[in-house]
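Visitor: sequence below, structure please.
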Amino acid sequence: GQMTHCVECTDPVPFLVRTRAGLIAMTDEGEKTAPPVICVHGIPGSVRDFRYLAPRLLERFRVIRIELPGFGRSPRSRLRHVEALGEVPLAVAESLGLDRVILLGHSFGGAPVMRAASRRPHRLSAVVLLASIGTRIHRGFAMDPKLYKGLELALRMPLLRPRLYRVGVERYEKIKL
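Guide: Residues are numbered from 1 along each chain as shown. A predicted model of the protein is given here:
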């Protein structure tokens, strides 16, 4: 839920914008003439992931936070794979009439940002990756896609969820990134 008090952060309520990538929830803060930064969250994530970073960026930039399809207030769409999700930040930029933007991707959000940068570099002023995933799966996370699907279903079960999270944390700690 929404925080009632937020010290040194901004936490605006997202609104929906129609783009060629579908309806996308977003926020838009700062001077409209400042260089625009489009922030893309990780998993699970939302525009709230940037609530502490945004005030620092607002000193020099227009900060636009988006929620990828199926996250936060953005409805699910046909865009599910990283290749397709790379279209979302640029579709938002187009809907706002922005020719060139800075893309900032956090964690999983780095993948669509890198995809957008590789396909349309002329649309970007800069790319910022913040604790981003890489361009290929780390050996510690290599897993059969069917197993991921089964894990997704199991995480929906209230009795299994706490145990699965503990196992996930234990496995992550053993990877030694």
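
Visitor: which residue sits closest to the spatially most central residue of the chain, ignoring its sequence neighbours?
Guide: Nearest to the mean C-alpha position of the chain, counting by Cα atoms, centre = their mean, stands His41 at 2.2 Å. In space, and not counting its chain neighbours, His41 is closest to Asp49: 4.4 Å by Cβ to Cβ, 6 or more residues apart in numbering. The C-beta positions use only the backbone N, C-alpha and C, and glycine is treated the same way.

Visitor: just give me the neighbour total for that neighbour.
Guide: 22 (other Cβ atoms under 10 Å).

Visitor: for it, give me its contacts.
Guide: Asp49 makes contacts with 39, 41-42, 65, 106, as judged by Cβ atoms under 8 Å, 6 or more residues apart in numbering.

Visitor: the residue in the chain sticking out farthest from the centre: what's it in contact with?
Guide: Taking Cα atoms, centre = their mean, the residue of the chain most remote from its mean C-alpha position is Leu159, at 28.7 Å. If you count contacts by Cβ under 8 Å, 6+ apart, Leu159 has none.

Visitor: kindly report the same for Ile38.
Guide: Residues near Ile38 by Cβ under 8 Å, 6+ apart: 64-66, 89, 92-93, 101-104.

Visitor: most neighbours, which of the residues you listed?
Guide: When neighbours are counted by other Cβ under 10 Å, Pro89 leads the contacts of Ile38 with 32 neighbours.

Visitor: was I right about it contacting Pro112?
Guide: Yes. The criterion here is Cβ atoms under 8 Å, and Pro89 meets it with Pro112 at 6.5 Å.

Visitor: need the overlap of contacts for those two.
Guide: Shared contacts of Pro89 and Pro112, defined by Cβ under 8 Å, 6+ apart, are found at Val40.

Visitor: how about low-confidence regions in the chain?
Guide: Counting by pLDDT under 70, the chain contains low-confidence ranges at 1-6, 79-80, 135-145, 148, 169, 171-177.

Visitor: mind listing the helices for it?
Guide: Using DSSP state H, the helices found in the chain span residues 54-57, 82-85, 87-95, 110-119, 145-154, 161-175.

Visitor: distance to Leu129 added to those helices, as JSON lines?
Guide: Shown next, in JSON lines, are the helices of the chain (distance: least, Cβ to Cβ, whole Å):
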{"stretch": "helix 54-57", "distance to Leu129": "15"}
{"stretch": "helix 82-85", "distance to Leu129": "14"}
{"stretch": "helix 87-95", "distance to Leu129": "13"}
{"stretch": "helix 110-119", "distance to Leu129": "5"}
{"stretch": "helix 145-154", "distance to Leu129": "23"}
{"stretch": "helix 161-175", "distance to Leu129": "20"}
